[in-house]
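Asks: Sharing a sequence plus its predicted fold:
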Amino acid sequence: MATATINLTPRDFKGKVDPDWCPGCGDFGVLNALQRAVAELGLRPHEVMTISGIGCSSNLPGYFNSYGMHTLHGRSLAVATGFKQANHEMTVIVTGGDGDGYGIGGNHFTHTARRNTDLTYVVMNNQIYGLTTGQVSPTSSLGMSTKSTPFGNVEQPINPITSAIMNGATFVARAYSGDVRHLSDLIQQGIQHKGFSIIDVFSPCVTFNLTNTHNFFKDRIKKLEDENHDTRDWVGACEKAVLFGDTIYIGVFFEGDRSSLEDAEPVLKTGGSLASRKLGLDPDQVQRVMDRIT
Ligand code: SF4
Ligand code: MG
C-alpha cells in the first residue's frame, strides 16, 4: 500500500529547546536556512544527523529536530566521518564555528577535505571566539583588537575557501547569514553534492565583533552567480576568494567531481551501510561478545 507523503515545513525541524543566542546573532539566520533547506529537500528528521563541536554555534543540534550529537571541541568532523562510514544512508550535516573548525579542528578540516567524505559542513564564521567572550580566532582580520589582542591581531587569518579547495574539497561555497534564501539554496546544493561540501558563512557576532558587523557585509558582498564565475576554475575561485576589501564574494566558488570516501573504499561501497549489515554471528556468539563488553 502506498504511503501518503506529508510535506514537512521548516517549522517541523524546530527543536524542543529555543536558542539562547544573543538577539541579532547571525547564527539565527543559519538555523533558519538549515531548517528551510532540509524541508525543501523533502528530508525527514530521522534521515538527518547534525553533529557539532563546541562554541555558540555548536549548540545548533539542540535547536534542530533531527538526530544530533554535540561532541568535543574541534572534533565534529572526525565524529561525523566515523558516523557517515557506518551509516552512509543518513544525511550528515556538521555545524560549528571558525574557532572550533579552523583552529582546534584545523587538522580534521584538512583531512576531511582530502578524503572527500560525503558530509555537509556549515561553518558559522564570526571571526572571533564568541562563547569565551571575544578572543582572537583563526579568521580574525589582521590588526583587529580583541580581548586577547588589545594592541591588534598580528597573525595572518586563514582563508577557509582557498584552504578547502587546496586540500581537495569538492563543493566550496561562502554565504552570509543575513541572506537566508541564498544560504538555504547553498546548503541544499551542498547536501545534494556527493563529497565534502563546505559552506563558510559570515555569521556576525553582534556582541564581541564590532568590526565585521551585518552592515560591514551588507556594504561589501557580491554574488558570484552575478559575475558568471566558472565553478570548475579553481584558480579563478582562489583569486576571488582572497578578496576581502570593498568587494567580498559569496556563492559557489568551486565544484569538483572526485570520488567520495564512501565510493572509493570497496568495503564501504559494496554491501550497503555497515549499520544495516548482518553481523554473521549466531545468538551464542553475540551473547559472548556482549558479556565481554558490558
Ligand atoms: Fe552569537 Fe556572539 Fe552572542 Fe555567541 S556571543 S550568541 S556568537 S552574538
Ligand atoms: Mg567564532
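Replies: Done, it's in. These numbers come from a predicted model, not from an experiment. Ligands and ions are numbered 1, 2, ... in the order given.
Asks: going forward, measure contacts between C-alpha atoms and count neighbours the same way
Replies: Fine.
Asks: Please point out which parts of stretch 68-83 sit buried.
Replies: Residues of stretch 68-83 classed as buried: 68-71, 73-81, 83 (neighbour count, 16 or more other Cα atoms under 10 Å).
Asks: is that stretch anywhere near ligand 2?
Replies: No. With Cα under 5 Å from the ion as the measure, stretch 68-83 is seen stopping short of ligand 2, the closest distance being 11.9 Å.
Asks: Name the residues of the stretch 1-150 of the chain found near ligand 1, please.
Replies: Trp21, Cys22, Cys25, Cys56, Gly130, Leu131 (Cα under 6 Å from any ligand atom).
Asks: can you list the residues of the stretch 1-150 of the chain near ligand 2?
Replies: So the stretch 1-150 of the chain meets ligand 2 at Gly97, Asp98, Asn126, Ile128, Tyr129 (Cα under 5 Å from the ion).
Asks: Mark which of these are part of helices, please.
Replies: Asp98 (DSSP state H).
Asks: what's the closest of the residues of the stretch 1-150 of the chain next to ligand 2 to Asn215?
Replies: Asn126 (13.6 Å; Cα to Cα).
Asks: ok, back up a step: just the ones in strands from the buried residues of stretch 68-83, please.
Replies: In strands, defined here by DSSP state E, the members of the buried residues of stretch 68-83 are Gly68, Met69, His70.
Asks: wait, which of those residues is closest to ligand 2?
Replies: When these are compared for distance to ligand 2 (Cα to the ion), His70 wins out at 16.3 Å.
Asks: distance of that closest one from Ile191?
Replies: 20 Å (Cα to Cα, to the nearest Å).
Asks: Return the distance of stretch 236-246 from the chain's centre.
Replies: 21 Å (Cα atoms, centre = their mean, to the nearest Å).
Asks: what are the ranges of the strands in the chain?
Replies: 48-52, 67-70, 91-97, 120-125, 171-176, 197-202, 221-223, 248-255.
Asks: Those strands into CSV, with extra columns for distance to Thr9?
Replies: Shown next, in CSV, are the strands of the chain (distance: least, Cα to Cα, whole Å):
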stretch, distance to Thr9
strand 48-52, 15
strand 67-70, 17
strand 91-97, 17
strand 120-125, 21
strand 171-176, 22
strand 197-202, 22
strand 221-223, 27
strand 248-255, 25
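Asks: closest one to Trp234 among those?
Replies: Per Cα to Cα, nearest to Trp234 of these: strand 248-255, 6.1 Å.
Asks: CA atoms of the closest one as CSV?
Replies: Below are the C-alpha coordinates for strand 248-255, written out as CSV (Å, rounded to 0.1, in the frame of the first residue of the first chain):
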residue,chain,number,x,y,z
ILE,A,248,33.7,40.2,-0.8
TYR,A,249,32.2,37.4,-2.8
ILE,A,250,29.6,34.9,-1.7
GLY,A,251,28.2,31.9,-3.6
VAL,A,252,29.7,28.7,-5.0
PHE,A,253,33.5,29.1,-5.6
PHE,A,254,34.4,25.6,-6.7
GLU,A,255,32.9,22.3,-7.6
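Asks: Kind regards, and thank you for your time.
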